[in-house]
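Engineer: mind looking at a prediction? Sequence and model below.
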Amino acid sequence: MKINKYSSFLLGFFVLNIIYWVGIQTSNITDLPINLLFSFSTAVLAFAGGLMGLSVSKHWGGRKSAVGKAVLLMSLGITSWSLGNFVWSFYNFILHQEMPYPSLADLGYTLAVPLWAIGIFYLSKATGAKFSLRQLKGRALLIVLPIIATIFSYYFLFVIARDSSFTVEGGLLKIFLDFYYPLGDWVILTMSFLLFGLSLKYLGGRFRLPVFITLLGFVVMFLADFSFSYTTTVGTYYNGNISDLLFAAALFTISFGVCSFDARDI
């Protein structure tokens, strides 16, 4: 796999983010503007990755091909997430207010989930996952992998992150989001496991690694959501903590994988 101009830019930007994050940690800073800027830089990274992904999708014919649709939808999901984080940064950095929940930021975050899920679906069509379902092993994976994803999701997002103290309270929108986010994590993780498990035999050549990197990004996103849920529950979250680094890593990895599908590099 060649590292093209898009993925090179993302890699360089992410390395700077890591250096920035290390500086925050070594300085033991938790409540200064430098913390808020880290979240903003993650939004910039994601926004750039989304726009680059949209450019890559055009070279696959956009909606005219399965790969084009997959790259298009996942790029839109990245862009949507970045817009949510821009709103998060606006409240914290400009208005100097604690982010309300729910807020306009949730619109960007929630839209990212179905866009990513549908994008993974089209990616599965392009990688030969359907051919595995014709075999007994493939049908067994169709049952086993969702169960594994369910166990992971329940254990991380409810047993650990919520410490068995998850309560349903607040308005209807808040109650909806309290269920939507964990369910969305489960859907994305399940589809990623299924796509990798069912397509492994058929993945090969130029785009084997981009598919793997993209799916790995969604696993990191799952871990980021878990870390955020846990640290906010126990009251240890602050802008620029390990959760934000994981979000940056997830958005970088997904964007890097998507941009690596650039057909001009074939």
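Structural biologist: Received, thanks. No experiment lies behind these values; they were computed from the predicted model shown.
Engineer: report the buried residues of the helix or strand where residue 82 lies.
Structural biologist: Per DSSP states H and E, residue 82 falls inside helix 66-89. Within helix 66-89, the residues scored as buried using 16 or more other Cβ atoms under 10 Å are 66-89. C-beta: built from backbone N, CA, C; applies to glycine.
Engineer: name the helices or strands packed onto that helix?
Structural biologist: Counting contacts by 3 or more Cβ pairs under 8 Å, 6 or more residues apart in numbering; DSSP states H and E, helix 66-89 packs against helix 33-58, helix 104-127, helix 242-259.
Engineer: just give me the neighbour total for residue 234.
Structural biologist: Neighbour count of residue 234, defined by other Cβ atoms under 10 Å: 10.
Engineer: avg pLDDT for the helix or strand containing residue 212?
Structural biologist: Using DSSP H and E, residue 212 sits within helix 208-234. What helix 208-234 shows for mean pLDDT is 85.
Engineer: dump the residue contacts of the closest residue to residue 254 other than its chain neighbours.
Structural biologist: Spatial nearest neighbour of residue 254, excluding adjacent residues (Cβ to Cβ, 6 or more residues apart in numbering): residue 217 at 3.4 Å. By Cβ atoms under 8 Å, 6 or more residues apart in numbering, the residues touching residue 217 are 250, 251, 252, 253, 254, 255, 256, 257.
Engineer: and if we set it to 7 Å?
Structural biologist: Contacts for residue 217 (Cβ atoms under 7 Å, 6 or more residues apart in numbering) come out as 250, 253, 254, 257.
Engineer: ok, of these, which one's closest to residue 235?
Structural biologist: For the contacts of residue 217, the minimum distance to residue 235 (Cβ to Cβ) is 23.2 Å, reached by residue 250.
Engineer: quick check: the closest one touching residue 221?
Structural biologist: Yes. Look at residue 250 against residue 221 with Cβ atoms under 7 Å: they come within range, at 3.8 Å.
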